[in-house]
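S.K.: Generate a structure from the sequence data that follows.
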Amino acid sequence: MGRLFGTDGVRGIANKELTPELAFKIGKAGAHVLTEAGDKKPRILVGRDTRISGGILECALVAGICSVGAEAVIAGVIPTPAIAHLVRSEGFDAGVMISASHNPFEHNGIKYFSGTGYKLSDELEERIEAIILDGAEEVGAPTHENIGHITYDDTLVDKYIEFAEGTCGGDLSGMKIAIDCANGASSVTAERALKDLGAEVSVINNKPDGININKNCGSTHLEALTEFVKQCGADLGLAFDGDADRVLAVDEKGGIIDGDRIMTILALDMKKNGRLPDNTVVATVMSNLGFFVMGDEYGINIKRTKVGDRYVLEEMLGHDHKIGGEQSGHVILLEYNTTGDGLVTGIQLADVIKRSGKKSSELANIMQTYPQVLINAVVKNELKNEENYMKFPEIREAIETLEKEFENSGRVLIRPSGTEPLVRVMIEGKDVELITKRARELADLFEEKLN
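M.R.: Numbering: from 1, shown residues only. Next up is the predicted model:
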């Protein structure tokens, strides 16, 4: 990761780590880098989620954009995937989203998209960082009529909703769908789109007040939706995160349909209809073992990448794969959008369920979920990487022993945290008591030897 940019833009506590001053610099440097080519005044699309800090960061960011002569078009509260889509469909030179996704309200973030609708490469992010932190390039300061200006376009959210609805092959009439908008950006899109498609929609957590985004709701807290689905007799529940690039689902019985199961349902339908190139799905190493077992059983090749949607996307683009994602519900469907799109994914899921004539639980249970235990071992930061901890013979032998023990009935995954002094010990298997015991033993050994 870079000095400012993490795996998904610049993040931090608003007005402390992510200050208006920093937002201004990000707007200025980003606009300079992303719009330097061309002979017309560049246009940059700006959106935000519902956080209380979104307004001040938007003002500062937009001031930075306009200070280098670019036009800032403000879309207001809108999902992250809407920015990715609209940049391409409306011919913007770049887009930027102010959001911290599924994080609590006090956090916020700034994420750029290029004119192609994709997140920025490491090289472009590093160049923006160098301008901000090192003064590596001189950034112009135009005057007179060359100063950028601000426009507001509240029709853009309507255009995104129309796009999302258009991804549905038919309609959703006859379906009862419950949704949890996480008091975030999907509050302005999801209910409208699903109702337009003919579904009967019941909604919770769609009254954002600036501080209730993701608070005990949405894709990170499914308890409320689980009860709500059963209460209103829904065929399907959809839970979005704060910026609506993720979605998790709940079946009619209240069972969880996570990202692995969503990809299972969608991929099998795509394969059946000849829309799954090379019969391949891209997932991360953190996907459940049951997902890979399902792939073997149904003739679907599942490629594994490092954790992070950017790595999933890189693999998809490199080999023309059409579906990939993470257990967390960040599902990328390249037929439709360049990033994870919770609303589009939810519409596709509902469409498959309706066309199948089956219950959502029946489709979800095609994949068996193996118990999965994850324990964090707190270690010295300089020792958390594999090349360091594998130098300890006791750790190396313990890992090898575990891998042999679970070779035919489970999986062992050891992964250092990218941001904290932690080694994550994950074990999957059929016996939850056994895997919990083994994971705890290995985590204790890490803490004993690496502190």
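S.K.: Is the closest residue to residue 210 other than its chain neighbours part of a helix or strand, or is it coil?
M.R.: The shortest distance from residue 210 to any residue other than its chain neighbours is 3.3 Å, reached at residue 52 (Cβ to Cβ, 6 or more residues apart in numbering). For glycine as for every other residue, the C-beta is placed from the backbone atoms N, C-alpha and C. State at residue 52, reduced to three classes by DSSP: H, G, I helix; E, B strand; the rest coil: coil.
S.K.: tell me the mean pLDDT for the strand or helix carrying residue 433?
M.R.: Secondary structure here is read from DSSP states H and E; on that basis residue 433 sits in helix 432-449. Averaging pLDDT along helix 432-449 gives 96.
S.K.: now do stretch 300-315
M.R.: Mean pLDDT, taken over the full extent of stretch 300-315, equals 93.
S.K.: Ok, stretch 255-267 next?
M.R.: In this model, stretch 255-267 carries a mean pLDDT of 98.
S.K.: How about stretch 44-58?
M.R.: Per-residue pLDDT over stretch 44-58 has a mean of 98.
S.K.: still on that earlier bit, hang on, the residue nearest to residue 210 packs against residue 212?
M.R.: No: the pair residue 52 and residue 212 fails to qualify as a contact (Cβ atoms under 8 Å) at a distance of 9.8 Å.
S.K.: Which parts of the stretch 101-250 of the chain are helices?
M.R.: Secondary structure of the stretch 101-250 of the chain, counting by DSSP state H, counting those that start in this stretch: helices at 122-134, 156-166, 190-196, 223-232.
S.K.: Those helices into CSV, with extra columns for distance to residue 208?
M.R.: Supplementary listing: the helices of the stretch 101-250 of the chain in CSV, determined by distance: least, Cβ to Cβ, whole Å:
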stretch, distance to residue 208
helix 122-134, 29
helix 156-166, 14
helix 190-196, 13
helix 223-232, 15
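S.K.: Would you convert those helices into a markdown table that also reports mean pLDDT?
M.R.: Conversion of the helices of the stretch 101-250 of the chain to a markdown table gives the following (pLDDT from 0 to 100):
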| stretch | mean pLDDT |
| --- | --- |
| helix 122-134 | 93 |
| helix 156-166 | 98 |
| helix 190-196 | 98 |
| helix 223-232 | 97 |
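S.K.: Just send those helices back as CSV, with mean neighbour count and distance to residue 314 too.
M.R.: Written out in CSV, the entries for the helices of the stretch 101-250 of the chain read as follows (neighbours: other Cβ atoms under 10 Å; distance: least, Cβ to Cβ, whole Å):
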stretch, mean neighbour count, distance to residue 314
helix 122-134, 16, 11
helix 156-166, 19, 24
helix 190-196, 20, 29
helix 223-232, 18, 32
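S.K.: Can you say which of those helices is nearest to residue 43?
M.R.: For these, proximity to residue 43 was assessed by Cβ to Cβ; helix 156-166 is nearest, at 12.1 Å.
S.K.: Not counting its own residues, what contacts the closest one?
M.R.: Identification of contacts with helix 156-166 by Cβ atoms under 8 Å, 6 or more residues apart in numbering yields 45, 73, 75-79, 81-82, 85-86, 89-90, 188-189, 192-193, 196-197, 341, 343-344, 347.
S.K.: What's the local residue count around residue 365?
M.R.: Around residue 365 there are 15 other residues, counting by other Cβ atoms under 10 Å.
S.K.: buried sites along stretch 14-30?
M.R.: For stretch 14-30, a neighbour-count test (16 or more other Cβ atoms under 10 Å) marks 14-15, 18-20, 22-30 as buried.
S.K.: tell me the SS of residue 22?
M.R.: When classified by three-state DSSP, residue 22 comes out as helix.
S.K.: and it, what is it in contact with?
M.R.: With contacts defined as Cβ under 8 Å, 6+ apart, the neighbours of residue 22 are 10, 132.
S.K.: Grab the CA positions of stretch 142-151 and hand them over as PDB.
M.R.: These are the backbone C-alpha positions of stretch 142-151, laid out as PDB (Å, rounded to 0.1, in the frame of the first residue of the first chain):
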ATOM      1  CA  PRO A 142      -5.200  29.000 -13.800                       C
ATOM      2  CA  THR A 143      -7.000  32.400 -13.400                       C
ATOM      3  CA  HIS A 144      -9.700  34.400 -15.100                       C
ATOM      4  CA  GLU A 145     -12.100  32.300 -17.300                       C
ATOM      5  CA  ASN A 146      -9.800  29.300 -17.000                       C
ATOM      6  CA  ILE A 147     -10.700  28.600 -13.300                       C
ATOM      7  CA  GLY A 148     -12.900  25.500 -13.000                       C
ATOM      8  CA  HIS A 149     -16.600  25.700 -12.000                       C
ATOM      9  CA  ILE A 150     -19.200  23.600 -10.200                       C
ATOM     10  CA  THR A 151     -22.400  22.300 -11.500                       C
END
